[in-house]
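**Q** Kindly return the folded structure for what I paste below:
(one chain, ligands or ions: 1)
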Amino acid sequence: MAANATWVRDHIRPIADYPKPGITFRDITPLLGNAAAFGRAVDDLVTRFHDVAVDRVVGIESRGFILAAPVAYRLRSGFVPVRKAGKLPWAVAREEYELEYGTDKLEIHRDAIHPGERVLVVDDVLATGGTAAATGRLIETLGGVIVGFGFLLELADLDGRSRLGEHRVESLTAY
Ligand code: AMP
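**A** So this is what the prediction gives:
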């Protein structure tokens, strides 16, 4: 679910027309730079999934890494990076996903997740859901079991949740 954690919004800076006209970019660097807010965001993401066992936390390049790594540490889970194509050095699984114009590719190391492992996905923003959905497909290709998706914030108008099927989706705040 999306809770209305107004304190999260207090630390997120809207940037109009970035990276292109018509887009309001949600800049999370003020939150990351504030010790209390960063810690609370990580703690709250962990709390949202207190009732599930997690073997691996997947972070999506690149802002997802910043949140997923401390969540993994708190859960005593492994951390797994999902990266843009060409960045990972070993054998990969690859998924293509749609952008507003064209497509992009995400990759994961083939041995990063073992069949049956329980996986939590963490990213900063859920927008259209295309990035998170492609990450979910990578995890399932490797036999991982997705226990949920956690985000700092979601852009509710874009309804990214609908692209994540029946999976549990938690965001700390919604716009
Ligand atoms: P999407 O695949 O449309 O859900 O986009 C999600 C990815 O794009 C996330 O990794 C975000 O970091 C980034 N993103 C999309 N829209 C925004 C936005 N308005 N502000 C900041 N980041 C965004």
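**Q** C-alpha only now, for contacts and for neighbours.
**A** Fine.
**Q** low pLDDT regions in this structure?
**A** 1-3 (pLDDT under 70).
**Q** Look up phi and psi at the residue of it most remote from its centre.
**A** Here the centre of the chain is the reference, and by Cα atoms, centre = their mean the most remote residue is Pro21, at 24.6 Å. Backbone torsions of Pro21, given as degrees, to the nearest 10, read phi -50, psi 140.
**Q** again with Tyr97
**A** Dihedral angles (degrees, to the nearest 10) for Tyr97: phi -140, psi 160.
**Q** Name whatever forms a beta bridge with it.
**A** Note on Tyr97: beta-bridge partners Asp104, judged by DSSP bridges.
**Q** Then Leu88 would be within a strand, right?
**A** No: applying DSSP: H, G, I helix; E, B strand; the rest coil, one finds Leu88 to be coil, outside a strand.
**Q** Could you check how far it is from the ligand?
**A** 18 Å (Cα to the nearest ligand atom, to the nearest Å).
**Q** swap in Gly148?
**A** 15 Å.
**Q** correct me, but that residue touches His167?
**A** Yes: using Cα atoms under 8 Å, Gly148 is in contact with His167, at 5.8 Å.
**Q** For Asp157, see how far away the residue farthest from the centre of the chain is.
**A** 18 Å (Cα to Cα, to the nearest Å).
**Q** near the ligand, which residues of this protein?
**A** Counting by Cα under 6 Å from any ligand atom, the residues of the chain close to the ligand are Thr24, Phe25, Arg26, Asp124, Val125, Leu126, Ala127, Thr128, Gly129, Gly130, Thr131.
**Q** closest to Leu106 among these?
**A** Thr131 (8.2 Å; Cα to Cα).
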